[in-house]
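Participant: Sharing a model prediction with you, sequence too.
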Amino acid sequence: MSTWWNKFLEVDLTSGEIKTFEVEESWRRDFIGGSGLAARLFLERVAPDVDPLGPDNQLFVLTGPLAGTFLPGSSRLSVAAKSPLTGIWGEGTVGGNIAPELKRSGFDGFVFKGQSESGPVMLVVDEGEARLEDAADLWGQTTYETIDSLKERFAKPRKARSLVIGPAGENQVRFAAICNDKGDFVGRTGMGAVMGSKHLKAIVVRGSQRPALAKDEDAKAWIKALNAKVKSHMTAQSLGAMGTDASMDLGMMTGDVPIKNWTVGEDFELSSNLGGPAMVDSYLTRGKACEACPIACKRVCKVEEGPFAMEEGPGPEYETCGTFGTMLGNPNLAAVCKANERCNQMGIDTISCGSTIAWAMHCHEEGLLPAEKLDGIALTWGNMEGAIQLVDKIARREGVGDVLAEGSRAAAKQLGVGAELLTTVKGLEAPMHDPRGFHGMGLAYAMSTRGACHLQHKALYVEQGMATYTEVGLEENYEGQTSDGKAKMVLLCENLGVPMNAAVLCKFVLGTLAAHDLAEMLDRATGYGYDAEMLMACGARIWLLKRTLNCLMGVGRADDTLPALILKPTTEGSAEGSVPEIDRMVEEYYALRGLDEQGRPTRATLEQAGLAEAATRLHG
């Protein structure tokens, strides 16, 4: 027995052919699942120089071995492809209910290739049977409208679950997102644009098969104990009470929150207006949980009146309160709620969208982009009416929105202004955690395989003291504003965080558990003998494979850095004067990871990790 069905669908959208395939056991063991397995399949199936929005790019929608098991945090799946935003390896995960339903449909995941030439289509997988259906009537609808339409269409005999794109994905906005159930998104790296390029409007799944643990002795008692361990953790209790936005106030005190496009180090008026307590007091109607989650960090909000009124629906996460709040100099939480709703409906990543608007706002304030170049919008700090206007323009590629839809890096190049005001790493806009307050985060941004990212590792939790993983070699405490020792810390945090994403396990749940807990989850699910040491070896192997793919796509030493704006010290706040020593940390990291001076994994490093084919591809 195993939670793997070892049954995957390959969907050729050009020919309409659907067939099943298997993956050899060693790949499932060594790359775990999710984005790890996706990277191994990509190496086998896709040329590195593929056009991200062309028919030869393949889109991998994969669960991990934990999906459908009711283990805490097991409700996520991965979507991966070459990114149209960054031009390198792209991936994202989504929670909610889609991963368990996909697993119950009798499959472990789907691979899409080609492009539909007959018009918009959707994949329907119902109790093990798969078909393509016409989706022309759904094209042009928002994500909310599409989800409502599909819920009505597939309500019986039991409701189906879906992944959909909105107008942004249809128009191939390069940071378009994929939506599940209105409030859960594959946000980063533009996977929604890849769906749109293939004219794939939706993926609908329904099933009742239950995967069985390979080692199911005392499973109920064990899962109950895991849930209790999660619930008792302070982080889980904080997230349950105030959602991810609980970190806003503490972040402001520790220099973690970017303000006005990363130019200001502290503003407690902003954090008090935008933080978790303010959301609970003013707009929260209830919390919500993904399937099999004991934390319930999701927020459901309603704005009763005013220019930013919205019906009850998914509320903003911390990242959105940053990108559409502090980053824009906006203290109005109702406006953040409205901007979040509009991004959700259009199907846009709120981090890249808000950061791109913050970049444009900064350019406007510096006189680089006058209102006449912004379709008449005077994009001054805090102008949320203008910011929300831009969300729609970006999603529909109207006017200046057509330029901003390319992402801030490409927009700066196309408009010929503001390159010095960018906050991207490898083309991906940085999330809302400031490396000037926590230097290890800066190195983690620089070395992340998808561009600036706080989710591909456990550095955020470890460096901020929210969790310790001493059993895998990490120390008890790390000082944030020093670069000493951070290369080893980040490497170990990656080796733990990468298998978390391959598993595919919620980062908040792992933040309350130990590395050996994740290893035991995987071992009980698969029977492959995972322990903490094997888990970390898998993490290193997967990281090296993704890095190899990126090197084949053109990534090198010059890309492993931070933007100048983030390396400029602030003149106020707890991180005043603090700047990561990024070049020193990268040099130390290269030596530990086994990369050459060009940033490539050496042949010996790859072969030692069991990546002989990758070594041949990279070194000949």
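Facilitator: Received it, and whenever you're ready, just let me know what you need.

Participant: can you list the domains in this structure?
Facilitator: Per automatic domain parsing, the structural domains of the chain span 8-206, 243-428, 436-561+581-619.

Participant: End to end on the second one, go ahead and measure it.
Facilitator: Okay, so that is domain 243-428. 25 Å (CA to CA, to the nearest Å).

Participant: quick one on the thing from earlier: quick one, which of the domains of the chain is nearest to Ala221?
Facilitator: Among those, the nearest to Ala221 by CB to CB is domain 436-561+581-619 (12.4 Å). C-betas here are computed from N, CA, C, even on glycine.

Participant: Now do the same contact list for Gly34.
Facilitator: Counting by CB atoms under 8 Å, 6 or more residues apart in numbering, Gly34 touches Leu62, Thr63, Gly64, Arg76, Leu77, Ser78, Thr93, Asn501, Ala502, Ala503, Val504.

Participant: Ok, Cys353 next?
Facilitator: Phe175, Thr323, Cys343, Val391, Ile394.

Participant: go with 6 Å
Facilitator: Neighbour list for Cys353: Cys343 [criterion: CB atoms under 6 Å, 6 or more residues apart in numbering].

Participant: Next: the one 3 residues further on.
Facilitator: Thr356 is in contact with Leu404, Ser408, counting by CB under 6 Å, 6+ apart.

Participant: cool, the one 10 residues further on as well?
Facilitator: Going by CB under 6 Å, 6+ apart, Glu366 touches no other residue.

Participant: repeat that with 8 Å
Facilitator: Glu366 touches Gly418, Leu421, counting by CB under 8 Å, 6+ apart.

Participant: closest to Val280 among the contacts of Gly34?
Facilitator: Among the contacts of Gly34, and counting by CB to CB, the member closest to Val280 is Arg76, at 25.5 Å.

Participant: For that closest one, which non-adjacent residue is closest in space?
Facilitator: Val504 (4.3 Å; CB to CB, 6 or more residues apart in numbering).

Participant: hmm, back to that, which of the contacts of Gly34 tops the neighbour count?
Facilitator: Counting neighbours by other CB atoms under 10 Å, Gly64 leads the contacts of Gly34 with 34 neighbours.

Participant: For the most centrally placed residue in the chain, give the beta-bridge partners.
Facilitator: Nearest residue to the geometric centre of the chain (CA atoms, centre = their mean): Gly92, 4.0 Å. Assessed by DSSP bridges, Gly92 has beta-bridge partners Val79.

Participant: so who does it touch?
Facilitator: Applying CB under 8 Å, 6+ apart, the residues near Gly92 are Ser78, Val79, Ala80, Ala177, Ile178, Phe185, Val186, Gly187, Arg188, Thr189, Met191.

Participant: right, and the fourth one touches Ser352 too?
Facilitator: No. The pair Ala177 / Ser352 is not scored as a contact, 9.1 Å apart, by CB atoms under 8 Å.

Participant: Assign the residue lying closest to Cys297 once chain neighbours are set aside to helix, strand or coil.
Facilitator: Nearest non-adjacent residue to Cys297, counting by CB to CB, 6+ apart: Leu239, 4.1 Å away. For Leu239, the assignment made with DSSP: H, G, I helix; E, B strand; the rest coil gives helix.

Participant: buried ones in stretch 90-107?
Facilitator: Neighbour counts over stretch 90-107 (16 or more other CB atoms under 10 Å) mark 90-107 as buried.

Participant: Between the domains of the chain, which one is closest to Leu213.
Facilitator: domain 436-561+581-619 (5.1 Å).

Participant: got the contact list for the spatially closest residue to Gly473 that is not a sequence neighbour?
Facilitator: Leaving aside its sequence neighbours, Gly473 sits nearest to Leu492 (CB to CB, 6+ apart; 5.4 Å). Residues in contact with Leu492 (CB under 8 Å, 6+ apart) are Tyr469, Val472, Gly473, Leu474, Met536.

Participant: Show me what the longest helix seen in the chain is packed against.
Facilitator: Secondary structure assigned by DSSP state H gives helix 532-552 as the longest helix of the chain. Taking 3 or more CB pairs under 8 Å, 6 or more residues apart in numbering; DSSP states H and E as contact, the helices and strands that helix 532-552 lies on are helix 25-31, helix 34-45, strand 89-94, helix 486-503, helix 515-526, helix 603-608, helix 612-619.

Participant: same thing but at 10 Å, please
Facilitator: Counting contacts by 3 or more CB pairs under 10 Å, 6 or more residues apart in numbering; DSSP states H and E, helix 532-552 is packed against helix 25-31, helix 34-45, strand 89-94, helix 486-503, helix 515-526, helix 582-593, helix 603-608, helix 612-619.

Participant: how distant is the third one from the center of its chain?
Facilitator: In other words, strand 89-94. 5 Å (CA atoms, centre = their mean, to the nearest Å).

Participant: try the fifth one
Facilitator: Using CA atoms, centre = their mean, the mean C-alpha position of helix 515-526 is found 23 Å from that of the whole chain.

Participant: For His126, give me its contacts.
Facilitator: Just to correct that, residue 126 is Asp rather than His. Residues in contact with Asp126 (CB atoms under 10 Å, 6 or more residues apart in numbering) are Ser105, Gly106, Phe154, Pro157, Ala160, Val204, Val205, Arg206, Gly207.

Participant: What distance do you get for it to Leu138?
Facilitator: For Asp126, the distance to Leu138 equals 17 Å [CB to CB, to the nearest Å].
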